[in-house]
Structure formats: C-alpha cells, structure tokens
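>>> okay, predicted coordinates and the sequence, questions at the end:
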Amino acid sequence: MVDVKLRGIAEGRLGTGSMCYDLANGNTVADVVKHVALQDEGLTRTLINKEDPCLNCAFPDLPASRKGPVPVWGPATGIAGVMGANEVLKILLGKGELARGYLMSCSNFQNDYYRLPIPKDPHCPSCGAGK
Ligand SMILES: [Zn+2]
C-alpha cells in the first residue's frame, strides 16, 4: 500500500513538510507531492523520506504563512497540477525519476523548464539536527 499526500496550496506549506518527517520517524511514511503556481511559474517537488530536503532547507527565511493575494498566471495553475499528478503516477507505478532534492519549475512567460536544486541543510529546524 502506498500513501501519497498531494498538496496544492501554499497555506501551511511548512507544516506539511514537518508532518511528513514526523510520520517517517514513526515508521509510517506518506509520500508528499507539492505543486503550486506562483506568478507565471508552475512548481512541484516530491518528498519520499527524511533524507529529502524540506521547504525550510530551500527557503530558510520563508514565513510560515503568507498574508494577502499572490498574483498567478491562470495557465500556471493547470501546469502545476499536471506536474503534481505526473509525480503521483510515477510514485504509484514505480516509474521514472521523481522530483526529489530539487524544485521542478516551468516558467510560462519564458517557455522554460528547469530544476532548482535544494541542498539538504543538516541543521534544518524541520528535517535536520535542529529539529
Ligand atoms: Zn529541511
């Protein structure tokens, strides 16, 4: 049996990463696929276990919650959703490469797909020794 948590909203984004690691420490693992749209970009990444860097590793100064609206290019939401669904299918079928250790991004204004590496912070307060 495979549990996959598909997360598509920014609110509480740091808490979801912590929950995944708490579950992993208790020998119950829920794979987490996060996909969001921000301005013209669709973004996704996947966490399988506590060896994967969390969002705090990538953006240590990111606030726990965002206040106010975020501008989003409409098609970016659809692309982000498809990227997230693609990750879930790969997990369920055991096929392909997962977006682990990096943020997969599509810049819709530039027609550019790229990977933003996320180094694991060993002192991270969410997933590292700082927890
Ligand atoms: Zn971390």
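Thanks, I have the structure now.

>>> can you list the buried residues in whichever helix or strand residue 91 is part of?
Counting by DSSP states H and E, the element that carries residue 91 is helix 74-93. For helix 74-93, the neighbour count (16 or more other CB atoms under 10 Å) marks 76-77, 79-81, 83-84, 86-88, 90-91 as buried. (Each C-beta comes from the backbone N, C-alpha and C, glycine too.)

>>> what's it in contact with?
With CB atoms under 8 Å, 6 or more residues apart in numbering as the test, helix 74-93 has contacts from 2, 4, 6, 8, 31, 33-44, 46, 48, 95-99, 104, 106, 108.

>>> closest to residue 120 out of the buried residues of helix 74-93?
residue 87 (19.1 Å; CB to CB).

>>> show the contacting residues for the nearest residue to that closest one once chain neighbours are set aside.
In space, and not counting its chain neighbours, residue 87 is closest to residue 33: 4.4 Å by CB to CB, 6 or more residues apart in numbering. The contact partners of residue 33, taken as CB under 8 Å, 6+ apart, are 4-7, 44-47, 84, 87-88, 91.

>>> 10 Å instead?
4-8, 44-48, 83-91, 98-99 (CB atoms under 10 Å, 6 or more residues apart in numbering).

>>> checking it next. Helix, strand or coil?
The three-state label given to residue 33 by DSSP: H, G, I helix; E, B strand; the rest coil is strand.

>>> run the chain-centre distance for stretch 74-85.
A distance of 13 Å separates the centroid of the chain from that of stretch 74-85, by CA atoms, centre = their mean, to the nearest Å.

>>> now it - C-alpha only, PDB.
C-alpha atoms of stretch 74-85 as PDB (Å, rounded to 0.1, in the frame of the first residue of the first chain):
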ATOM      1  CA  GLY A  74      -4.000  31.200 -14.900                       C
ATOM      2  CA  PRO A  75      -2.400  28.500 -17.100                       C
ATOM      3  CA  ALA A  76       0.400  28.100 -14.500                       C
ATOM      4  CA  THR A  77      -2.200  26.500 -12.100                       C
ATOM      5  CA  GLY A  78      -3.100  23.900 -14.700                       C
ATOM      6  CA  ILE A  79       0.600  23.100 -15.500                       C
ATOM      7  CA  ALA A  80       1.400  22.900 -11.800                       C
ATOM      8  CA  GLY A  81      -1.500  20.400 -11.300                       C
ATOM      9  CA  VAL A  82      -0.400  18.300 -14.200                       C
ATOM     10  CA  MET A  83       3.200  18.300 -12.900                       C
ATOM     11  CA  GLY A  84       2.000  17.200  -9.500                       C
ATOM     12  CA  ALA A  85      -0.300  14.500 -11.000                       C
END
